[in-house]
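1. prediction below, plus the sequence it came from.
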Amino acid sequence: MHLKQGSLIALMALGSISMWVANPLLWLWITAHLQSSAGQAQMGPYALLLIGVVLTAVALAKGLAALNRRYGRLVGEEPVVRVIVPWRRSLRDARHGGREDGGGVTVGVLDVVMVLSVLAAVVAFAVWYLLADPTPPNVGGPGPSKD
């Protein structure tokens, strides 16, 4: 039982990292190979890049939601999220010391996995940016270099 739960969590982690890292890298690689060798950039591959990243992210999100539902069935609890939108809240209860018990949001395993994967992607980007120094030469406008 614990092996199935762990493997579902690992698949969710892999899918979420794929959404933020592997998906854009895959479509950048595809776009780079579609560009002509003449050096002139064309719009077609960039449109394919944008559409491909979005559609792949939607497919990955649907897969992650299915994994989350399966995990919920495995542990015996269906993930239910109930959100009360601000314009449906009662201001009278808040003024008179009342509490909103039904407004809480249930946090599931997928929520935690997605937040951790986004944090990992941001940290990886920051490390890459600091180590690779991707600033092109002569940034600062036209004219002679000020070296």
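-> Alright, I've got the coordinates.
2. what's the neighbour count on the residue lying closest to Leu49 once chain neighbours are set aside?
-> The shortest distance from Leu49 to any residue other than its chain neighbours is 4.4 Å, reached at Thr31 (C-beta to C-beta, 6 or more residues apart in numbering). Where C-beta positions appear, they are placed from N, C-alpha and C, glycine not excepted. Close neighbours of Thr31, defined as other C-beta atoms under 10 Å, add up to 19.
3. same thing with Met114?
-> The tally of other residues near Met114 (other C-beta under 10 Å) stands at 20.
4. do the same with Val115
-> Neighbour number of Val115 under other C-beta under 10 Å is 12.
5. now do the SS call for it.
-> Taken by DSSP: H, G, I helix; E, B strand; the rest coil, the conformation at Val115 corresponds to helix.
6. one more: the one 10 residues further on?
-> Following three-state DSSP, we place Phe125 in the helix state.
7. quick one: pLDDT of it?
-> According to the predicted model, the pLDDT of Phe125 comes to 85.
8. next one: it from Leu3, what distance?
-> Between Phe125 and Leu3 the distance is 33 Å, computed by C-beta to C-beta, to the nearest Å.
9. between these two, which one's more packed in?
-> Neighbours were counted for Phe125 and for Leu3 using other C-beta under 10 Å; Phe125 has more, 12 against 7.
10. can you show me the strands along this protein?
-> If DSSP state E is used as the criterion, the chain turns out to lack strands entirely.
11. so where's it shaky on pLDDT?
-> For the chain, the stretches flagged by pLDDT under 70 are 36-41, 78-106, 136-147.
12. ranges for the helices of it?
-> Counting by DSSP state H, the segments of the chain that form helices are 2-17, 23-34, 43-75, 91-95, 109-132.
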